[in-house]
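Undergrad: Quick one: sequence plus predicted model below, questions after.
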Amino acid sequence: MSRNDTGIEVVVRENDIEQAIKTLKRKAARDGLIKHIKYKKAYEKPSDRRKRKDRESLRRIRKAQARRARRSPRG
């Protein structure tokens, strides 16, 4: 799937536009589209991009380790 074709689709039921917009925003956030648009809004130097990706990676790793630590008690 390319970045231009996310395949996000929302069905509007009973003319409830507000609920459809909420659903669309939630799906776009889950797909990473909002984050992608935010970073593409302005130029990001390659060095800054590497630093950001490293920070995000470390955050994911720490989060996973914390989750594992909570699940399996030592002893």
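TA: Arrived safely, thanks for sending.
Undergrad: backbone phi and psi for residue 41, please?
TA: Residue 41 adopts backbone torsions of phi -60, psi -40, taken as degrees, to the nearest 10.
Undergrad: Relative to residue 52, how far out is residue 62?
TA: From residue 62 across to residue 52, the span is 16 Å (CB to CB, to the nearest Å). In this view, the C-beta of every residue, glycine as well, is placed from N, C-alpha and C.
Undergrad: same question but for residue 21, I mixed them up
TA: Separation of residue 21 from residue 52 (CB to CB): 29 Å.
Undergrad: next one: residue 20
TA: According to CB to CB, residue 20 stands 32 Å off from residue 52.
Undergrad: What does the pLDDT read for residue 4?
TA: Residue 4 is assigned a pLDDT of 53 by the prediction.
Undergrad: no no, residue 75
TA: Reported pLDDT for residue 75: 53.
Undergrad: got it, and residue 1?
TA: 40.
Undergrad: and if you look at residue 53?
TA: We have a pLDDT of 94 for residue 53.
Undergrad: ditto for residue 59
TA: For residue 59, the pLDDT comes out at 96.
Undergrad: Give the phi and psi angles for it, as a check.
TA: Per-residue torsions, residue 59: phi -60, psi -40 (degrees, to the nearest 10).
Undergrad: Same question for residue 28.
TA: Note on residue 28: backbone dihedrals following degrees, to the nearest 10 are phi -70, psi -40.
Undergrad: which non-adjacent residue is nearest it?
TA: Excluding the flanking residues, the one nearest residue 28 by CB to CB, 6 or more residues apart in numbering is residue 34, at 5.3 Å.
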